[in-house]
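Peer 1: What follows is a predicted structure for the sequence shown.
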Amino acid sequence: MKKYNWRKNFTCFGFKNNQKIKGKLAIKTKETHWQDTEEPIVIPLSIHSNFHSDIDGSFKMQALTSTIQEHVKGKKTILLTEMAHLNVFSLQFHGDRQTALAKSLSDANKLLERFQNTFSGYKLVFWHEYIRNDPSYPLFQEKVLQLYQMDDVFRELLFEDAESTYTPDRAAKFSKKSLFIEKTVEDLIEQCIGALVLANKAYKYSFYPGPSFKAVEYVNKTLLEKNRRLEMINLFITIEKKSYC
């Protein structure tokens, strides 16, 4: 069975240690129906993800944003998710959310500065403004929390997703696994609410490099009518070759 139904090759250039480097990348998706859409789309951008680190991250970010620019005709938004992972991030500051938020916002602004040219043509928004301050947020928060209380399947998916993020690297950083899982579940609930807010803003597709969380997809399907759902498109971006120019 074919894993991906669409593939695009991408070539880009960057500098490291004053040397020019050429990167050849492959971008793949299982879905194809999003191409040439005139619907609004959003790219949630994790602040502290390894996806955009170092020159490999620069190449991947170029490939991601350029591909969307080429194949999407509708409004394109990059959402800085400085609050979507705040509970786990705050563990690095002894649970101090305010300090964690300040640090996350600072890092988000550094990302914007670093990728200023790469993000050209996109609307740039922050989670605390675009999601948290949206008038629909309290309503969707209530609905998601009610689902958490009443739906065993949703709770199971939340903890399954949280468990999947406890990688060896995170285990080395967060030795108290139960606390990490607890905070990850809180963050996933926030992301579920965010997906509903984005759908309510009439976004049709959310593009993310890698697999999406089952709990977020479950909430999307459970609480929204089919024609109003935010559809998750998982992009898989790999660097196949790098060479000095």
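Peer 2: Received, thanks. Computed from a prediction, not measured in an experiment: that's the story for all the values here.

Peer 1: Please look at Ala108 and Ile47 and confirm they touch.
Peer 2: Yes. Using CB atoms under 8 Å, Ala108 is in contact with Ile47, at 5.1 Å. Any C-beta I mention is one placed from the backbone N, CA and C, and that applies to glycine too.

Peer 1: Common neighbours of the two, please.
Peer 2: Counting by CB atoms under 8 Å, 6 or more residues apart in numbering, the common neighbours of Ala108 and Ile47 are 80, 82.

Peer 1: Off-centre distance for the longest strand seen in the chain?
Peer 2: What stands out as the longest strand in the chain, according to DSSP state E, is strand 231-244. In terms of CA atoms, centre = their mean, to the nearest Å, the centre of strand 231-244 is set 15 Å apart from its chain centre.

Peer 1: That strand - which strands sit beside it in the sheet, and in what orientation?
Peer 2: Using DSSP bridges, strand 231-244 pairs in its sheet with strand 19-29 (antiparallel), strand 205-209 (parallel).

Peer 1: Ok, which of the ones you listed comes nearest Glu129?
Peer 2: The closest of the strands paired with strand 231-244 to Glu129 is strand 205-209. By CB to CB, the value is 17.9 Å.

Peer 1: For this protein, which segments are assigned as strands?
Peer 2: Assigned by DSSP E, the strands in the chain fall at 6-16, 19-29, 41-45, 76-80, 123-126, 205-209, 231-244.

Peer 1: What's the mean pLDDT across the second one?
Peer 2: Read that as strand 19-29. Summarised as a single mean, pLDDT over strand 19-29 is 95.

Peer 1: Is there a neighbour count for the residue nearest to Gly23 when sequence neighbours are not counted? I'd like the number.
Peer 2: With sequence-adjacent residues excluded and distances taken as CB to CB, 6 or more residues apart in numbering, Gly23 is closest to Phe59, at 4.1 Å. Each residue near Phe59 was counted by other CB atoms under 10 Å, and the total is 24.

Peer 1: Starting from Lys123, give me the distance back to Phe59.
Peer 2: 23 Å (CB to CB, to the nearest Å).

Peer 1: With respect to Glu186, which of the strands of the chain lies nearest?
Peer 2: Nearest to Glu186 among these is strand 41-45 (17.2 Å), distances taken as CB to CB.

Peer 1: Counting by contacts, list what that closest one packs against.
Peer 2: Strand 41-45 sits against helix 54-71, strand 76-80, strand 205-209, with contacts defined as 3 or more CB pairs under 8 Å, 6 or more residues apart in numbering; DSSP states H and E.

Peer 1: what angle separates the second one from helix 54-71?
Peer 2: Between strand 76-80 and helix 54-71, the angle formed by their directions is 150 degrees, by axes from the mean of the first three to the mean of the last three CA atoms, to 10 degrees.

Peer 1: For strand 76-80, give me every contacting residue.
Peer 2: Identification of contacts with strand 76-80 by CB under 8 Å, 6+ apart yields 40-45, 47, 65, 68-69, 108, 111-112, 119, 121-127, 130-131, 198, 203.

Peer 1: List the pairing partners of that strand within its sheet, with orientation.
Peer 2: Strand pairing for strand 76-80, using DSSP bridges, gives strand 41-45 (parallel), strand 123-126 (parallel).

Peer 1: Please name the bridge partners of the most centrally placed residue in the chain.
Peer 2: Nearest to the mean C-alpha position of the chain, counting by CA atoms, centre = their mean, stands Pro44 at 3.8 Å. Pro44 has these beta-bridge partners by DSSP bridges: Leu79.

Peer 1: Just give the closest residue to Lys204, not the sequence neighbours.
Peer 2: The shortest distance from Lys204 to any non-neighbouring residue, by CB to CB, 6+ apart, is to Glu39 (3.4 Å).

Peer 1: so that neighbour touches Ala199, yeah?
Peer 2: No. Judged on CB under 8 Å, Glu39 makes no contact with Ala199 at a distance of 11.5 Å.
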